[in-house]
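J.: Fold the stuff below for me.
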Amino acid sequence: MTTVAIPVKDDKGPESSVDHHFSRAPYYALYDIENESFTIIKNEAANKPGHEGPLELLDARGVSAVLCAGVGPGALDFAAELGMTVCFGRAQTASDMIEMYEARELETVSDGSPCGRD
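T.: Got it, this is the predicted structure:
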């Protein structure tokens with residue numbers, strides 16, 4: 001199973017608005033690629049310092065990739081330690097971000113610097 005996570009502002013399923021603040025987003029939209037299904041979870045670590053809490057939450061849910069507008073270098077490094085891919089892009093809704101991901105229009109980032117798409 002491949003699950004990706006998108007930081008979102010609200011709990012509206014695929015139409016949830018993308019939040020551009022990864023660690024502080026109130027929710028995450030989890031998308032199961034195989035089943036083509038969305039689940040919205042609350043970011044229990046949104047008000048805690050650092051980026052570890054949100055990433056650990058996503059890791060516990062089996063997330064393999066984070067799709068977001070951007071993250072800091074610490075979060076990027078920690079995501080890599082957890083084996084997660086981070087992809088950057090700008091979208092209005094969670095479903096828009098998934099469409100961009102599936103069309104390979106997002107920028108995969110590693111080691112603090114963008115790398116080209118395949």
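J.: so what pLDDT did the closest residue to residue 59 other than its chain neighbours get?
T.: Nearest residue to residue 59, sequence neighbours excluded (CB to CB, 6 or more residues apart in numbering): residue 82, at 4.7 Å. Every C-beta, even on glycine, is put in place using the N, C-alpha and C of the backbone. Here the pLDDT value assigned to residue 82 is 96.
J.: my guess is residue 54 contacts residue 19, does it?
T.: No: applying CB atoms under 8 Å, one finds residue 54 not in contact with residue 19, separated by 11.3 Å.
J.: Can you work out which residues contact both of these two?
T.: By CB atoms under 8 Å, 6 or more residues apart in numbering, residue 54 and residue 19 have these common neighbours: residue 25.
J.: more crowded one of the two?
T.: The residue with more neighbours, out of residue 54 and residue 19, is residue 54; 26 against 22, by other CB atoms under 10 Å.
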